Every structure is written in C-alpha cells, then in structure tokens.
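> can you look at this prediction? I've put the sequence above it.
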Amino acid sequence: MKFIILQADGMPDRPLKQLDNKTPLEVARTPTINRILEKSEVGSVNHIPKGFKSGSDVGNLSVLGYDPVKFFTGRSPLEAESIGINLGKNDITFRCNLVNIVNINESSIMEDYSAGHIKTEKAHTIINYLKKFIDNKNNVLYPGVSYRHILVSRNPIDQIETTPPHDILEKNIDKFLPNGSDSSEIISIMKVANKKIKDFKDEFSQFKNEKVSDIWLWGEGKKTILPNFEEINGINGSVISAVDLVKGIGKCAGLDVINVPGATGYLDTNYAGKVKAGIQSLINNDFLMLHIEAPDETGHEGDCQKKIQAIEDLDSKVLKPLIDELDSNFKNYRLCIVSDHPTPIELRTHSYEYVPYIIYEKNSNLSNHNFKNFTESIVGQTENVINDGYKLLNLSLIHI
C-alpha cells in the first residue's frame, strides 16, 4: 500500500460578499476532488493546538504526525535545516523576509510581506549584498528561496517576541517590531538593512523598481529534533515542497526531501514536475507528502480570483494527473487531501478554524457521508472530528 498526503496549504476560507457569500473553494471548479468524494471518508481536523499561533510551521508538523506541543521549537530552525545550516544547541535562528514597507501619512506601513514574490536569483543578490554589512562573529545571513531567508544569531537571546509580516499587512509596523529585553540588536540589524537596501537600489538601477525596502525578522527558535518518521510509522517516505519550512520538517523527520526545478510556491510553480517526482519517489518509498503552497500565498494576497485559480490548478494540474499516475503504477494506494489551516481572503493571514479532510482508497468505498462537494461546510456537518490533528496521519491514513 502507498500512502499520499496532498497538503493544500491554506485552502479553506470564509464566505465572501464578492462571491455571493461563497468561499473560493465553493466557487472553484474541482471535478477531480468531487469525483473521488463519493467513495471517500470525510471529516474535520484541527492542526493548531490551543495556545499556538496558527501557522504553517505548527500546521505542517501536525499534518506529518508530530504533536506540536512536544516538538515545536520555532519556525526558522526548520527552514535552517532545509538550507543545510548546522545549528549549535544555543544558536537562535530568525526567518528573514524581504518585505516592502511604505510611508503613508508619516506612518510606516507593511505593504508586502514577500517583496512582490521576488525571484530567487534577485533575492540572493540582495541578501549577499547585505551580508557584507550584517555578518559578523555573532550574526550570519543565509539566502533561501524567493523572499524567505534566515538569520542565525549566536548571541544569548531568551526574551524576544516577534510578529509574522503577513499578519500586519496594511498596518503601521511600529507596534509590531521585535520587543523584549533581548530585541535591541535584532531591531538594529533591521535598521541597517533598511539603509543598505536603499543604497543597493541606488547603486544597481535594475533593482530600482523591485518592491523591496527592508528585511523583517521573525519566527525565532532553536534547533528542532524530531523522531524518525519511518521508526514511528513503520514506512519510509518523501516530501515534495517549494518552501524551506516543509523541506526542513522533512529533513528533521528523516524523510527524503525531493527538490523539483521550477518549484516556486506560487501560481507559476512546476506542478507537472512535482507530480512526476512524487510518482517516481513512490517506487522506492511507501509515503509521500506533496505540499502545494499557492492557496496560502494567494490568501495572504487577499486576491479571491487568484485563490480560486490556485484551487482549480491543484485539482486539474496536481490531483488529476496524480491519480492517473497512481492508478497506472500501483495496485493499492490511500490518498488524503487536507490543509494545515485556513488562510481567509478577508484576513490575509491564518485563522484557527478546523479544516475538512478527505481520504480516498483505490478499489475501496470508504464513504461515510452524503456530501456532493468538498467544501468547508463539511466541518460543521460531519461527526467525524479529529481534535488533535497529528493523529490524522497514523490513525486515519496509515491505519484506517
């Protein structure tokens, strides 16, 4: 038996007036999901434990079967693992976003958490320029993918609190800067970066129109240690994603992390390449998590038409060819479609609602419902509820 999780990051949403009080998932054309729905188990699941901020770090740990209460140490250590940074036990890492902050009526407003989804090559040029002014014996910048990078600090930092930039879109940043007794140096680094990015754009005219003005440091944490996935689940597996966070979780779990050329984490990602690599990985492995980031990114953008496109692309460019290839290559498989959290258009950030899931098995009828469409309405109408999301993988997917 092969086991596959299709993780539709941030796909669930809330009703929108511009969609006649429907959600993007309700409006999107998803014939492939609806085709398998008839023979599938459905339910609702919560991946964000009480007291935790709703985010892809906590959510993806839970999707992969790890209890965040036991194993979550911060977002950036997971991304650092993906990049290949060898962290010491006392090192503190920060996620370093390239962002665009604009001045409106003498207020500094977070306009874009992603620097316009800056291309990786351009982002590396900026980060490598900033390294000349930020790197020292205690702090080192590491380039990542697109707008997502890492700062490692070797200073003792215990008292600091940071805020994700996607949580403060269109807000004055002054109330959300890092705070706490150990925050002064981190704020100083951000101020240096602001000045040097201005100098950089003045010096290199080809970057003049890029929507990038600053770095934003957040998601602090120490090295993450996870139990080996194969040892606790009895099957080996792989992870395919465009984002370092999910790759980092995969590496910490001892899963094969497969890098796909052209995987961007956005609408322009290489869907076909990800599906092909996933099928190839299942020849030698029994488990695959295929992570699709675009629904989350378009939710953060607050663009309902783009989010509808992301959902329809997931159905037509990922799920349909994936099922076709699975049917052709494997006698038996079980497929779970789930999200880590909602990313509602109206909020432009993550929320805390339970999310629907579907489990489909080749040549089996797991149906426990009468739903005709896979939407958020399942959450309020199903009696099949998993409160501790990390249990979904083992209890409902692998050992259903």
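Nice, I can see it.
> now the helices for the stretch 151-300 of the chain?
184-203, 229-233, 244-252, 271-284, 294-301 (DSSP state H, counting those that start in this stretch).
> flag every buried residue along stretch 314-327.
Buried residues in stretch 314-327, counted by 16 or more other CB atoms under 10 Å: Leu314, Asp315, Lys317, Val318, Leu319, Lys320, Pro321, Leu322, Ile323, Glu325, Leu326. Quick note: C-beta positions are derived from backbone N, CA and C, even for glycine.
> turn the helices of the stretch 151-300 of the chain into CSV, including mean pLDDT and distance to Asn100.
CSV is the format used below for the helices of the stretch 151-300 of the chain (pLDDT from 0 to 100; distance: least, CB to CB, whole Å):
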stretch, mean pLDDT, distance to Asn100
helix 184-203, 96, 10
helix 229-233, 95, 38
helix 244-252, 95, 21
helix 271-284, 98, 28
helix 294-301, 96, 13
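> quick one: which of these is nearest Lys89?
Nearest of these to Lys89, taken as CB to CB: helix 244-252 at 14.8 Å.
> and that closest one, what other elements does it pack with?
helix 56-63, helix 76-83, strand 237-240, strand 256-258, strand 287-292 (3 or more CB pairs under 8 Å, 6 or more residues apart in numbering; DSSP states H and E).
> least reliable of these going by mean pLDDT?
Note on the helices and strands packed on helix 244-252: helix 76-83 shows the lowest mean pLDDT, a mean of 93.
> how far off centre is that one?
Taking the mean of its C-alpha atoms, helix 76-83 sits 13 Å from the chain's own mean (CA atoms, centre = their mean, to the nearest Å).
> helices or strands next to it in the packing?
Looks like helix 76-83 contacts strand 92-104, strand 139-145, strand 148-153, strand 214-221, helix 244-252 (3+ CB pairs under 8 Å, 6+ apart).
> could you identify which of the ones you listed is most buried?
helix 244-252 (a mean of 26; mean count of other CB atoms under 10 Å).
> could you check the angle that one makes with strand 139-145?
100 degrees (axes from the mean of the first three to the mean of the last three CA atoms, to 10 degrees).
> could you give the angle of helix 244-252 to helix 56-63?
40 degrees.
> show me how far helix 244-252 is from its chain's centre.
Its chain's C-alpha centre and that of helix 244-252 lie 10 Å apart, by CA atoms, centre = their mean.
> for Thr264, find the nearest of the helices and strands packed on helix 76-83.
strand 139-145 (8.0 Å).
> mind picking out the helix or strand in this structure with the poorest mean pLDDT?
helix 76-83 (a mean of 93; mean pLDDT, DSSP states H and E).
> follow-up on the earlier one: between the helices and strands packed on helix 76-83, which one is nearest to Lys362?
Taking CB to CB, helix 244-252 is the member of those nearest to Lys362, at 24.8 Å.
> take the closest one, keep the C-alpha atoms, and write them as CSV.
Listed next in CSV are the C-alpha coordinates belonging to helix 244-252 (Å, rounded to 0.1, in the frame of the first residue of the first chain):
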residue,chain,number,x,y,z
ASP,A,244,12.1,25.5,3.1
LEU,A,245,9.8,25.2,6.1
VAL,A,246,8.2,22.0,4.8
LYS,A,247,11.5,20.7,3.5
GLY,A,248,13.1,21.3,6.9
ILE,A,249,10.4,19.3,8.7
GLY,A,250,11.0,16.5,6.2
LYS,A,251,14.7,16.5,6.8
CYS,A,252,14.3,16.6,10.6
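> how about residues contacting that helix?
7, 56-57, 60-61, 64, 66, 75, 77-83, 144-145, 148, 224-226, 238-239, 241, 256-257, 259, 289, 291 (CB atoms under 8 Å, 6 or more residues apart in numbering).
> change it to 7 Å
56-57, 60-61, 64, 75, 78-83, 144-145, 148, 224, 226, 239, 241, 257, 291 (CB atoms under 7 Å, 6 or more residues apart in numbering).
> could I get the average pLDDT for stretch 39-51?
pLDDT averaged over stretch 39-51 gives 97.
> in it, what counts as buried?
Those would be Ser40, Glu41, Val42, Gly43, Ser44, Val45, Asn46, His47, Ile48, Pro49, for stretch 39-51 by 16+ other CB under 10 Å.
> what of stretch 103-115?
By 16+ other CB under 10 Å, the buried positions in stretch 103-115 come out as Ser108, Ile109, Met110, Glu111, Asp112, Tyr113, Ser114, Ala115.
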